[in-house]
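J.: everything below, folded, please.
(2 chains)
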There are 2 protein chains.
Amino acid sequence: MDIKNYILETGQRARAAARIMAIANSGSKNQALEAIAASILEQEQQLIQVNNKDLEAARQNGLDSALMDRLALTPDRIKAMTDGLLQVSALADPIGEITNMNYRPTGIQVGRMRVPLGVIGIIYESRPNVTADAAGLCIKSGNATILRGGSEAIHSNQAIADCIRTGLKSADLPEDAVQIINTIDRAAVGELLRMPAYVDVIIPRGGKGLIERVSAEAMMPVIKHLDGICHVYIDDRADLNKAIDVAYNAKTQRYGTCNTMECLLVAEAVAEPVLTRLGAMYEEAGVEIRACEKSRKLLPNSKIATEEDYATEYLAPVLSLKIVTGLDEAIDHIEHYGSHHTDSIITEDLSRARRFLSEVDSSSVMVNASTRFADGFEYGLGAEIGISTDKFHARGPVGLEGLTSQKFIVIGDGHIRK
Amino acid sequence: MDIKNYILETGQRARAAARIMAIANSGSKNQALEAIAASILEQEQQLIQVNNKDLEAARQNGLDSALMDRLALTPDRIKAMTDGLLQVSALADPIGEITNMNYRPTGIQVGRMRVPLGVIGIIYESRPNVTADAAGLCIKSGNATILRGGSEAIHSNQAIADCIRTGLKSADLPEDAVQIINTIDRAAVGELLRMPAYVDVIIPRGGKGLIERVSAEAMMPVIKHLDGICHVYIDDRADLNKAIDVAYNAKTQRYGTCNTMECLLVAEAVAEPVLTRLGAMYEEAGVEIRACEKSRKLLPNSKIATEEDYATEYLAPVLSLKIVTGLDEAIDHIEHYGSHHTDSIITEDLSRARRFLSEVDSSSVMVNASTRFADGFEYGLGAEIGISTDKFHARGPVGLEGLTSQKFIVIGDGHIRK
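T.: The predicted structure follows:
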C-alpha cells in the first residue's frame, strides 16, 4: 500500500465532503446521527464479535488489563455510544448562528457567522467508542473528519465506521464525511500531520507520548490536552466542612481522570484541624500521601514529597500535600507546578475568591467546588471531544463550539468605502 | 552578544511581566497608554532626528522609495500614532469580562472569563508606527509583548520603545511588558520562534516571505495573514448601478491593501452592460485588465488572463476578470483561486445572498458592499493588529478580543461531584 498516496486521497475526499457538510441543514445532520445510532444498535452482536477478535489479538500481544478493559465493547458501552449520538442530535446546531449584527456609521451591517473548521483529524488510542463520539460531534458541527484509532482496535473501529457510513448515506450526506484510516502503519500518522492543505486541525486523544509527538510534528493547529496537575487550595477563611468534603471528593471520586486533584495546598492557620480529619479519611480510602516537612508533623505516616512529586500527574491513589502561608504562596505554587488545567480555592472570603479567579491562569478556575466538575457534560456543553489546556482557540472542555470558527459577514446596499 | 541567551532572558522577563499585566486594572493600563502618547509627542523632534539616521542608512543601502516612504516618521504620522494610543485607551477593557454564567443542575455556577493570552511576539517590517500600535493593543489586552521590528528601523523603534517604557513606568506597570529586540541579527527571530515556554503566540506582519518563514518555524500558534485575493461577483440579479459602484471602489480606492479586489467575476447575462461601463472607468483610472476569452470580446484592449493571474494578489492597478455562468461557478472559482480573505456578491436576490454568505469560506463575506470595508476600524473593533486568514482562534480583522482567551470559572458552595 502506498501510504502517502492513500492519506493524500483520504484528505482530498475529506475536503470535498467538508464543503457539503458545511452547508448541510440541521435536519439532515440529526437524521444521520439517529441513523448511525440505529445502525450500531442493530449491529450490536456483530460489533461484539468483531471486538472479540481485537481482544483476542490484544491478549496474544500481552496488552495489560487496564488497556484490555478500555478496548472491550459490552452491551452497556454500545448503549452509551448510541445514547451519546442521540444526545448530540438533540443539541442546538451551532452552524450558521449570526451574532453581533450591528449597523456601522458608514451604513453597512457587520456581524459574525459561526461556521465549521473544515476537516478535523482525530488520533486516539484503544477505546473504540471514541470512533462514534468523535464522528457524532464532527457531523453535528458540519465538519468532515479523518479518524485514526489505535491499531489494537482496528476491527472494532472499522465495524463502527461501517455503521457511520450507513447512517450518513441514509441522510443523503457524503459517506466521506467520516473516514477511518485503514492501516496500522504508523507512517500514516506522519503523513496526516504534514497535510495542512487538507486537514484544518488535529485533535490527539491519548497518553503524553502521543500528544507530544503530534504537537511536534503537526503542521496545522492542534487542540491538545496535556497533563492535569490539578490543585485544591484550602484557605484559612474556608468553611472547614466544605473544605474537607471538596478535598476528599476531588481526590477520591475517581483516580484516573485528568480533573482529579493531584496536589492539596492548605493554609498554615487551618492545617491542623483540616489535615487531622482529612488524613484519616484518605488513609481509609487507601490514598498515599506525599507531604512537605511541615505537614509530615501532622501526618507522620506520610512520605516526604520531592520536587518531582509536585510536578506529577499521578492518575492514582497518591496525593501531594503542601502547607502554605496563604493565598500568595498558593497561587505561586500553582503557577510553578501546575499544568493550567483545573484549580480550586476553598474560602468564604469574597476578595480572596475574586483574586484566585482572576490570577490563576488555568482552563478552569473554581471556588468552593470539586475539580472533578471540569467536564463538558457538567458544564452543559452537552458533550466534549476533549479538554484543552491551550489558551488558543478552545480552552477547557471542548464541545461543538470548539469545533467551529466565526467569520465576519457584511451586508450593504451598494456601499463603497470613501 | 550571545543571541540565544539574550532572547531567553527577554522571554523570561516577558513571562514575569505578563503575570502582572494580566491582573493590572483598566485604570493603570489606560494611564500607561496616555503617558506613552504624551511621551511620544514630547519627544517628537528627537524621534524625527533618530528616524533621519535610519532613513540615511536606508538610502545608503539602496532601499526602494516605497520602503523609504513606509520607514519615514513625519509629524502627521507621529500624531496618528499617539491618536491611535488614545483610541485604544478609550476602548472597553476586554479582560475579566464574565459571560454565560449559568446554574447547572448540580448547583454549581459555570461561566467564562476573558483573560489575556500571555506573551505575544510580533515580528514586523519597516513601519516604525507598528511599534506603538502593537504595544498599545497588547498593553490594553493585558499581555506582555516582545517586538522585533525591521533592521532598517531599529533606531526609530528603540526611541519609540523608550517612550513606551517611560509610560509604563509612570503607570507603575512593568517596563518589561513591552520589550524590543535590540539586535538586527536574524538568528534572534529563530530563537524567539523556538521558545514556546515563554511566547504564547506569534504575529508576523509583513510580506509573504516573512509570514511563510514564521509559520514554518514557529513552535507556538501563529496569527497569520496570508494573501488577500479578494473577489467581487456581480450576479445577474444585481442592481447594475450598485454593482458598478462597488466593483470600481473595491479595485481603485486603494491598490496596495489586502482587502482590494483582485478578481472580478461577472454573470454572463449582465456581462455586456456591466463591462462596457466598468471597462471604460477602469481604463480611465489606469487599471490594466487581464480577462478571460469571453470578456475579451467585450474589452478587446485587455490582456488574456492566465491561470496564474487568477491566483495572484497584484497589490497594483491590475485586475483579473472572468465571466461566469452564475452563482455556482462564481463560488467554485472563489473556492479554487481565492485566499479566504474577503469576497463580496452584488445581488438583489435574497436566496442567492444567503447562499453566498453561508457557502463562501472566507474571513469576511459580503453582500452589496465593497471589499475595502474589511478592516478593524470599519468593523468597529476600534483598532486592529492584523487580518487573520486562519480559521483557528481569530478570523478576519483582529482587535483586542483576538489577543485574549476565555477560561471557565466555576462557583460552588462546597459542591462535590456525585
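
J.: give the residue spans of chain A that score low on pLDDT.
T.: In the predicted model, chain A carries no residue with pLDDT under 70.

J.: same thing but 80
T.: For chain A, the stretches with pLDDT under 80 are A:1, A:126, A:226.

J.: which strand or helix spans A:Val110?
T.: strand A:109-116 (DSSP states H and E).

J.: what comes up buried for that strand?
T.: A:Gln109, A:Val110, A:Gly111, A:Arg112, A:Met113, A:Arg114, A:Val115, A:Pro116 (16 or more other Cβ atoms under 10 Å in any protein chain shown). No exception for glycine: its C-beta is placed from N, CA and C like everyone else's.

J.: beta partners for the fifth one?
T.: When assigned by DSSP bridges, A:Met113 has beta-bridge partners A:Ile98, A:Lys407.

J.: does it touch A:Met101 like I think?
T.: No - if you go by Cβ atoms under 8 Å, A:Met113 and A:Met101 don't touch, sitting 9.2 Å apart.

J.: interface residues of the stretch 1-150 of chain A facing chain B?
T.: Applying Cβ under 8 Å from any Cβ of the partner chain, we find that the stretch 1-150 of chain A lies next to chain B at A:19, A:22-23, A:96, A:102, A:104, A:106, A:108, A:110, A:113, A:115, A:117-118.

J.: just to revisit the earlier point, out of the buried residues of strand A:109-116, which is nearest to A:Leu264?
T.: A:Arg114 (40.2 Å; Cβ to Cβ).

J.: gap between that closest one and A:Ser141?
T.: Spatial separation of A:Arg114 from A:Ser141 under the definition Cβ to Cβ, to the nearest Å is 9 Å.

J.: common neighbours of those two, please.
T.: A:Pro94, A:Ile95, A:Thr404 (Cβ atoms under 8 Å, 6 or more residues apart in numbering or on different chains).

J.: shared neighbours of A:Met113 and A:Met101, anything?
T.: A:Ile409.

J.: could you find the closest non-adjacent residue to A:Leu275?
T.: A:Leu298 (4.6 Å; Cβ to Cβ, 6 or more residues apart in numbering or on different chains).

J.: quick one: contacts for the one you found?
T.: Counting by Cβ under 8 Å, 6+ apart, A:Leu298 has contacts A:Ala271, A:Glu272, A:Leu275, A:Thr276, A:Gly279.

J.: surely A:Ile146 and A:Ile122 touch.
T.: Yes - here A:Ile146 reaches A:Ile122: they are 7.4 Å apart, a contact under Cβ under 8 Å.

J.: just the buried residues of strand A:109-116 now: which is nearest chain B?
T.: Set against chain B, the nearest of the buried residues of strand A:109-116 by Cβ to the nearest Cβ is A:Val110 (4.9 Å).

J.: so who does the closest one touch?
T.: A:Val110 neighbours (Cβ under 8 Å, 6+ apart): A:Asn100, A:Met101, A:Asn102, A:Arg104, A:Phe408, A:Ile409, A:Val410, B:Glu378, B:Tyr379, B:Gly380.

J.: swap the cut-off to 7 Å and go again
T.: Residues in contact with A:Val110 (Cβ atoms under 7 Å, 6 or more residues apart in numbering or on different chains) are A:Asn102, A:Arg104, A:Phe408, A:Val410, B:Tyr379, B:Gly380.

J.: distance of the first one from B:Arg395?
T.: Pointing back at A:Asn102 there. A:Asn102 is 18 Å from B:Arg395, by Cβ to Cβ.

J.: same deal with the fifth one?
T.: Using Cβ to Cβ, one gets 12 Å for the distance from B:Tyr379 to B:Arg395.

J.: sorry, back to before: CSV please, covering the buried residues of strand A:109-116 and showing distance to B:Ser388.
T.: Putting the buried residues of strand A:109-116 into CSV (distance: Cβ to Cβ, whole Å) gives the following:
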residue, distance to B:Ser388
A:Gln109, 21
A:Val110, 16
A:Gly111, 17
A:Arg112, 13
A:Met113, 16
A:Arg114, 16
A:Val115, 14
A:Pro116, 17
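
J.: helices and strands around the helix or strand hosting A:Gln87, which ones?
T.: Using DSSP H and E, A:Gln87 sits in helix A:75-90. The contact analysis (3 or more Cβ pairs under 7 Å, 6 or more residues apart in numbering or on different chains; DSSP states H and E) places helix A:75-90 against helix A:26-42, helix A:44-60, helix A:129-140.

J.: now that helix, how far from the chain's geometric center?
T.: On the basis of Cα atoms, centre = their mean, to the nearest Å, helix A:75-90 sits 17 Å off its chain's mean C-alpha point.
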